[in-house]
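**Q** need the 3D shape of this:
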Amino acid sequence: MTAFTENDLKRLENLIINGQKAIETRLTSLENGQKAIETRLTSLENGQKAIETRLTSLESGQKAIENSIGEIKREIQVLEIGQTEIKGEIRTLDAKITGLNARVQLIEASVGKIPDLAEKIGEVKNWKQIGISIVTAFVGGVIGWLIRGK
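**A** Take a look at the predicted model:
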């Protein structure tokens, strides 16, 4: 067996102490690395929460847009129904205008005949006067003849 000297023990002690310091340094480095990793994980979790919040906000916005689109579709349907009703009313008005046009044409034709009728009525009045004069003269002549003859 070999004898250990004081220097050997001192060197061994220094090696052990240096090894412990190296291990402690490495452990501290590992702890710092672990803390850095934990910090990064916390940062990632916060980022994930922020992303989830934004996604939730986007989903809410998407639902609002979908609701708006649904309302717009309903309004378009109402407008289409109104447009159809207006087209029907326009057709009805067109039919009424066509009927009115026919009546106006009949009235125009009748109004065009008024001067002819007035002329004919004037002629009839003259014939009445002539006829009354002839009848009066005839009656007067007959009465006069009857009075003389008696």
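**Q** any idea how far Val78 lies from Ile72?
**A** 11 Å (C-beta to C-beta, to the nearest Å). For glycine as for every other residue, the C-beta is placed from the backbone atoms N, C-alpha and C.
**Q** repeat for Val139
**A** 94 Å.
**Q** where does the chain dip in pLDDT?
**A** Across the chain, the ranges flagged by pLDDT under 70 are 1-2, 117-118, 120-127, 150.
**Q** all helices for it, in order.
**A** For the chain, helices defined by DSSP state H occupy the ranges 6-149.
**Q** and Arg74, how many residues sit next to it?
**A** 10 (other C-beta atoms under 10 Å).
**Q** repeat for Arg26
**A** Arg26: 10 neighbours (other C-beta under 10 Å).
**Q** also Ala95?
**A** 10.
**Q** separation between it and Arg74?
**A** 32 Å.
**Q** please apply the same query to Gly61.
**A** Applying C-beta to C-beta to Gly61 and Arg74 gives a distance of 20 Å.
**Q** now Thr98
**A** Thr98 is 36 Å from Arg74, by C-beta to C-beta.
**Q** repeat for Ile23
**A** The value you get for Ile23 to Arg74, if C-beta to C-beta is used, is 74 Å.
**Q** now swap in Arg148 and tell me
**A** 106 Å.
**Q** before we move on, what about Gly47?
**A** Gly47 is 40 Å from Arg74, by C-beta to C-beta.
**Q** again, but for Gly88
**A** Gly88 is 21 Å from Arg74, by C-beta to C-beta.
**Q** for Thr25, same thing?
**A** 72 Å.
**Q** same question, Ile130
**A** Relative to Arg74, and taking C-beta to C-beta, Ile130 is found at 83 Å.
**Q** same question for Thr39.
**A** 52 Å.
**Q** same question, Leu44
**A** For Leu44, the distance to Arg74 - C-beta to C-beta - is 44 Å.
**Q** what does Glu119 give?
**A** From Glu119 to Arg74 the distance is 68 Å (C-beta to C-beta).
**Q** now swap in Thr28 and tell me
**A** Here the criterion is C-beta to C-beta. By it, Thr28 lies 68 Å from Arg74.
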